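Visitor: have a look; sequence and predicted model below, questions after that.
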Amino acid sequence: MNAQTGSTEKGIILIKGTLVGVGGLESSSFPAGSGFHLSFKDGTSFNLNAGGGFFVGPGFAIGGDIGIQYLSVDGESSTEFALRPFGRYYFNEKFYLGGGFNNLGIEDADTYLDIEGGYTLYIDDLIAFEGAGHLPLYEGASLLFRAGIVIFY
């Protein structure tokens, strides 16, 4: 497989992990599964996500993520978990658009839709870095940025 051809073909598996994402939310509500956030007014949260998917057609992948988040705001702290089924479509194996449902099936957590668009930078035939803009679709949300690593197998 060549990094420029074949990494998003039907049958390929992708495994991904979100390392960092930055967003400037100004409320004390930070949804799990949304990446790492910095709020310069209300607090900071740290989030780790891992996931995987399967290409069901050329350029189109479906899969899921699981995330854990630690949040500290105004002296209060919490730990949250998130589940996120997702879909993505890759253009030219480098650019992608996608979306998913955050917190699906988690008791006492709001479920919401999000959309994302990103770029995949291949470092060899199987491994790539991804950067993305991610927009949760709920009132008061702001654009988040995240980066991660992906393995295409």
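Guide: Received, thanks.
Visitor: which residue packs closest to Glu116, ignoring adjacent ones?
Guide: Distances taken as C-beta to C-beta, 6 or more residues apart in numbering put His134 closest to Glu116, at 4.4 Å, once the chain neighbours are dropped. C-beta coordinates here come from the backbone N, C-alpha and C atoms, glycine included.
Visitor: what pairs with the one you found across the strands?
Guide: Glu116, Leu144 (DSSP bridges).
Visitor: I'd like the distance between it and Val150.
Guide: Distance of His134 to Val150, computed by C-beta to C-beta, to the nearest Å: 15 Å.
Visitor: and the pLDDT for the residue lying closest to Gly131 once chain neighbours are set aside?
Guide: Using C-beta to C-beta, 6+ apart and skipping the chain neighbours, the partner closest in space to Gly131 is Ala147 (4.8 Å). pLDDT, Ala147: 85.
Visitor: got it, and Ala3?
Guide: pLDDT at Ala3 comes out at 48.
Visitor: just the element for Glu93, please.
Guide: Glu93 belongs to no helix or strand when assigned by DSSP states H and E.
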